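Peer 1: Provide a 3D model corresponding to the input given below.
(one chain, ligands or ions: 2)
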Amino acid sequence: MSGNGSKTAVVTGVSSRFGAAYARRLAERGHDLILVGRNEGRIKSAMADVIEHSGVDVQILVADLGNAAQLAKVEERLRADESVDMLVNAAGAAKFAPSPGFDPKATDEQIALNVTAPTRLSVAALSGMARRGRGTIINVSSAMAFWIQPVSSVYSATKSYVLTFTQALQQELAGSGVTIQAVIPGAMSTGFWDGSGVELSTFPDENVMSPEDAVDAALAGLDAGEAVTIPSLVNISDWQAFERARDTLSPILSRAVPADRYVH
Ligand SMILES: NC(=O)C1=CN([C@@H]2O[C@H](COP(=O)(O)OP(=O)(O)OC[C@H]3O[C@@H](n4cnc5c(N)ncnc54)[C@H](OP(=O)(O)O)[C@@H]3O)[C@@H](O)[C@H]2O)C=CC1
Ligand SMILES: CC(=O)[C@H](N)C(=O)O
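Peer 2: Residues are numbered from 1 along each chain as shown. Ligands and ions are numbered 1, 2, ... in the order given. Down below sits the predicted model:
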């Protein structure tokens, strides 16, 4: 915890191939690791190669990010540990269902994990990073922030939140030395789909990326200085057109009088 030149990445969701691929790549880049998850055994199993052979320092912080007290424990570590120079908010989950079938507890859990946790962890990490004038936060959104489906209301909304929150932080921290990236993966072959209410097999193979490829693309985007990286998107001009459309719309959404079509 000395901050004496060491660099440490805190990564959530590492018991999945996606979060594990992030942690593995960051270890290869020389980061010590703090791996966050609910189950130490699952983390050790997913990260055995890194723990045993990478040579970097690996610590495991057991926490259910949907539990307020346990989330606070991770926040406290992020605030206290001066060596933390990267946070990857990869943990996330979906329950796909039409809204009348929502289980209130499962809905709350999804919002807590996908929205509250990355928000609180980002803010906790940012205070020290901004003071030190360096650091990186990676927040994982989803193609389903855009590909809104009848069964995806809560999940799509949580992932829209992640993107909007991240883009607002990018504005706030511009020029601070802190890098903040949003990553927007499409469908990936992970355990995400098990019990989600949608089968991965419903997607054609050509629409499903390996989590390792998605992470490598996301890190290439980070290295290239992208604020938003969409591993599957062939033409970056399509994203730029979307952003331009929003920039056009934003300044015309607030006026003293209603638009003519609403005035009779
Ligand atoms: N897979 C896909 O097709 C896509 C996924 N995404 C997003 O990518 C990210 C990674 O998803 P993916 O790895 O595929 O999903 P998985 O379901 O495979 O893994 C989810 C990870 O989150 C962890 N997790 C779940 N609940 C909690 C909790 N309450 N507290 C702490 N950790 C928890 C799990 O750990 P454990 O259960 O061991 O505690 C696991 O490591 C998510 O944010 C997801 O929304 C975006 C686009 C597509
Ligand atoms: C189809 C997808 O992109 C995936 N469900 C996700 O966004 O989480």
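
Peer 1: immediately after the top helix by length along the chain, which helix or strand?
Peer 2: For the chain, the helix with the greatest residue count under DSSP state H is helix 153-172. Counting by DSSP states H and E, the element after helix 153-172 in chain order, helix or strand, is strand 178-183.

Peer 1: next structured bit after that following strand?
Peer 2: Once the chain leaves strand 178-183, the next helix or strand it forms, by DSSP H and E, is helix 211-223.

Peer 1: and V14, what is it in contact with?
Peer 2: Neighbour list for V14: 20, 22-23, 35-37, 43, 46-47, 90 [criterion: C-beta atoms under 8 Å, 6 or more residues apart in numbering]. From N, CA and C alone the C-beta is placed, and that goes for glycine too.

Peer 1: E75 touches L121, doesn't it?
Peer 2: Yes - using C-beta atoms under 8 Å, E75 makes contact with L121 at a distance of 6.4 Å.

Peer 1: more neighbours: these two, which one.
Peer 2: A count of neighbours by other C-beta atoms under 10 Å puts L121 above the other of E75 and L121, at 25 against 17.

Peer 1: rewinding a little: which among the contacts of V14 gets closest to ligand 2?
Peer 2: Nearest to ligand 2, judged by C-beta to the nearest ligand atom, of the contacts of V14 is A90 at 11.9 Å.

Peer 1: for stretch 54-69, measure first residue to last.
Peer 2: End-to-end span of stretch 54-69 (C-alpha to C-alpha, to the nearest Å): 32 Å.

Peer 1: what segments of the stretch 1-150 of the chain are strands?
Peer 2: 8-12, 32-37, 58-62, 84-89, 135-140 (DSSP state E, counting those that start in this stretch).

Peer 1: those into JSON lines, with extra columns for distance to A241 and mean neighbour count?
Peer 2: Shown next, in JSON lines, are the strands of the stretch 1-150 of the chain (distance: least, C-beta to C-beta, whole Å; neighbours: other C-beta atoms under 10 Å):
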{"stretch": "strand 8-12", "distance to A241": "32", "mean neighbour count": "26"}
{"stretch": "strand 32-37", "distance to A241": "37", "mean neighbour count": "26"}
{"stretch": "strand 58-62", "distance to A241": "41", "mean neighbour count": "16"}
{"stretch": "strand 84-89", "distance to A241": "27", "mean neighbour count": "26"}
{"stretch": "strand 135-140", "distance to A241": "23", "mean neighbour count": "24"}
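
Peer 1: what about the residue of the stretch 51-200 of the chain found nearest ligand 1, how many neighbours?
Peer 2: Relative to ligand 1, the nearest point of the stretch 51-200 of the chain is G92 (2.2 Å; C-beta to the nearest ligand atom). Neighbourhood size, G92 [other C-beta under 10 Å]: 26.
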